[in-house]
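Chemist: the amino acid sequence is not available; the structure is as follows:
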């Protein structure tokens, strides 16, 4: 980092709940070329993992990103199992986190890609994820040793009720939304941080893949470019969902094709009331400020 760059953040706290064990980062041994993919959740995480996997492995067909790119701060399986698995990897590692920056150990040499998405679209995708969770999902999160705080329960039947509760209780029943977005926005000027937006990926996937490749210092083999694009398409990922979803989709009714759901934006427009929309937009402005709120809504920096 040059002298004019903001200082790299330092870890300030630990986060624990039915999903998180942030302490794993305290024991993680970074390599200089590590890639960390961050999101709040349901913001294009798996899509970005697929893109980076395709760039690293040059358009190969047999890349199982669910296996190769684990969610490091998910508290299952246990730390010792997960850390041994990623330490044994010999390829360029690309790992996933849903933590805010101040709960991470931040490496000045690793590359960080953070994907944003309008919170209303996040919520609708999250509802599908939660409503289709099966008994294995709840057993893994609620019944395994180490859970801190209350268990996660099935969602209500009404997606609008789910949205209202998530907004009023800031991310319930998962984790706080606004602090996650704000923490990554605040480090956007670091030279090893890249902000990507779901809407921009939808609008220009080839351009965004090239942008990601340039940031990661990965030279694209143009003879493999058509294969990379094909393998990063939603249709291909849906057809090969067992290679993208965690545990091959075993945690959801309907399997991996439920996890790779619609990949669309704007479904909330037909469900939320004008008052709901105004409440969300007011919270976004209050918690993020005008520039960050505009980026989250549109993808435009």
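Modeler: Yes, it's here. Just so we're clear, the structure is a prediction, and the values are computed from it rather than from any experiment. Residues are numbered from 1 along each chain as shown.
Chemist: quick one: low-confidence ranges for the stretch 201-301 of the chain?
Modeler: Counting by pLDDT under 70, the ranges of the stretch 201-301 of the chain that qualify are 247, 255-263.
Chemist: number of nearby residues for the closest residue to residue 287 other than its chain neighbours?
Modeler: Excluding the flanking residues, the one nearest residue 287 by Cβ to Cβ, 6 or more residues apart in numbering is residue 178, at 3.7 Å. Bear in mind the C-beta positions are built from the backbone N, C-alpha and C, glycine included. Taking other Cβ atoms under 10 Å as the neighbour definition, residue 178 ends up with a count of 20.
Chemist: residue 178 and residue 250: what is the separation?
Modeler: Using Cβ to Cβ, to the nearest Å, we find residue 178 at a distance of 32 Å from residue 250.
Chemist: what is the mean pLDDT for the one helix or strand residue 127 maps to?
Modeler: In this assignment (DSSP states H and E), residue 127 forms part of helix 119-131. For helix 119-131, mean pLDDT is 94.
Chemist: and the contacts of that helix?
Modeler: 40-43, 154-155, 159, 162-163, 166-167, 173-174, 177, 198, 252, 258-259, 261-262, 265-268, 271-272, 277, 280, 284, 296 (Cβ atoms under 8 Å, 6 or more residues apart in numbering).
Chemist: buried subset of those residues?
Modeler: 40-43, 155, 159, 162-163, 166-167, 173-174, 177, 198, 252, 258-259, 261, 265, 267-268, 272, 280, 284, 296 (16 or more other Cβ atoms under 10 Å).
Chemist: now, those that are in helices?
Modeler: Residues of these located in helices (DSSP state H): 159, 162-163, 166-167, 198, 258-259, 280, 284, 296.
Chemist: tabulate the residues you listed (JSON lines), appending distance to residue 54.
Modeler: Listed next are these as JSON lines, based on distance: Cβ to Cβ, whole Å:
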{"residue": "159", "distance to residue 54": "33"}
{"residue": "162", "distance to residue 54": "33"}
{"residue": "163", "distance to residue 54": "33"}
{"residue": "166", "distance to residue 54": "32"}
{"residue": "167", "distance to residue 54": "35"}
{"residue": "198", "distance to residue 54": "18"}
{"residue": "258", "distance to residue 54": "23"}
{"residue": "259", "distance to residue 54": "19"}
{"residue": "280", "distance to residue 54": "34"}
{"residue": "284", "distance to residue 54": "32"}
{"residue": "296", "distance to residue 54": "26"}
